[in-house]
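Undergrad: Kindly generate the corresponding structure for this input.
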Amino acid sequence: MSQKVSITAQRLLNLYRQEHVIFGGWAAVNQVFVDEATPEVIAQLQDMPNGKILVRHIENLQSGRTPMHTIERELLPYGGMMQEATTTITLTESELAELEQGLNNFTTDQDGLNRIQSLNVINKFGDEWLIGIRAALAEYPLLLEKWHIVQKTFRAYYLWKVATDMLNTTMTERARAQLQADMPDYETYLPMFGDAGNELLSRLRDLISRNPHNTTQD
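TA: Sure, this is the predicted structure:
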């Protein structure tokens with residue numbers, strides 16, 4: 001099995017496991033599954049942890065049994081625990097007002113992220129604030145659209161930090177493979193930083209193209 005097939009299979013499995021924090025949810029990741037799940041990738045997934053479940057889901061999408069915006073309940077990752085944990089979240093009137101004001105004043109930079117993360121309603125959810133707020137705003141589509149901007153901004157700054165740290169450390173073969181699998185994310189978010197982001201993206205691509213023998217073993 002080629003390395004490219006293996007990397008693609010791992011990336012699809014990562015998308016499956018992390019759908020609950022991905023902008024666009026199932027509608028976004030399902031399209032990737034359909035586009036990239038070649039017979040070779042399907043065969044690789046069959047031998048990976050939870051891969052057989054994902055294969056069943058992909059086959060349902062390909063046959064039309066499952067609509068492109070959803071997934072059968074029995075095939076949910078983690079047995080559906082992530083969905084159950086976020087479907088009953090409600091905010092008080094004061095919490096909703098605080099959040100709405102914060103979203104109206106949000107700016108797509110580090111200062112904006114710092115301000116939004118300092119809100120009491122955000123701190124209520126601890127490390128799960130991105131997931132919790134998204135669930136709490138399920139019935140408020142206009143606020144949810146603004147929240148998606150917060151999610152994208154947070155993701156962009158997170159990837160900027162990861163990319164910068166990666167360039168300042170010795171690249172292992174495993175890290176190289178993970179970088180290759182995550183490149184679509186970097187290609188999506190780093191350009192948000194303009195010329196600096198594009199330069200960082202170019203350095204990541206160069207890192208991938210270097211002789212693998214110059215990397216260290218895990």
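Undergrad: got the buried residues for the host helix or strand of residue 202?
TA: According to DSSP states H and E, residue 202 maps onto helix 195-209. By neighbour count on 16 or more other CB atoms under 10 Å, the buried set for helix 195-209 is 197, 200-201, 204, 207. No exception for glycine: its C-beta is placed from N, CA and C like everyone else's.
Undergrad: do stretch 133-153 as well
TA: 133-137, 143-144, 146-147, 150-151, 153.
Undergrad: What mean pLDDT does that stretch get?
TA: Model confidence over stretch 133-153, given as mean pLDDT, is 88.
Undergrad: Please apply the same query to stretch 93-111.
TA: 96.
Undergrad: one step back: can you flag which of the buried residues of stretch 133-153 belong to strands?
TA: Per DSSP state E, strands hold no members of the buried residues of stretch 133-153.
Undergrad: ok, and the closest non-adjacent residue to residue 134?
TA: Leaving aside its chain neighbours, residue 134 sits nearest to residue 147 (6.1 Å; criterion: CB to CB, 6 or more residues apart in numbering).
Undergrad: In this structure the one you found contacts residue 136, no?
TA: No: Residue 147 lies out of contact with residue 136 (CB atoms under 8 Å); the separation is 9.2 Å.
Undergrad: Downstream of the helix or strand of the chain with the lowest mean pLDDT, the next helix or strand is which one?
TA: None of the helices or strands of the chain scores lower by mean pLDDT, DSSP states H and E than helix 81-86, at a mean of 50. Using DSSP H and E, the helix or strand that follows helix 81-86 in sequence is helix 93-104.
Undergrad: Only the buried residues of that next one, if you could.
TA: Quick answer for helix 93-104 (16+ other CB under 10 Å): 95-96, 98-100, 102-103.
Undergrad: if I pick the residue lying closest to residue 109 once chain neighbours are set aside, what's in contact with it?
TA: With sequence-adjacent residues excluded and distances taken as CB to CB, 6+ apart, residue 109 is closest to residue 153, at 7.7 Å. Under the criterion of CB atoms under 8 Å, 6 or more residues apart in numbering, the contact list for residue 153 reads 108-109, 112-113, 192.
Undergrad: redo that, cut-off 10 Å
TA: 106-110, 112-113, 116, 189, 192 (CB atoms under 10 Å, 6 or more residues apart in numbering).
Undergrad: can you put these in CSV and add neighbour count, secondary structure and distance to residue 43?
TA: As requested, those are exported to CSV (neighbours: other CB atoms under 10 Å; DSSP: H, G, I helix; E, B strand; the rest coil; distance: CB to CB, whole Å):
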residue, neighbour count, secondary structure, distance to residue 43
106, 17, coil, 45
107, 12, coil, 47
108, 14, coil, 42
109, 11, coil, 45
110, 11, helix, 44
112, 18, helix, 45
113, 18, helix, 41
116, 22, helix, 44
189, 21, helix, 31
192, 15, helix, 36
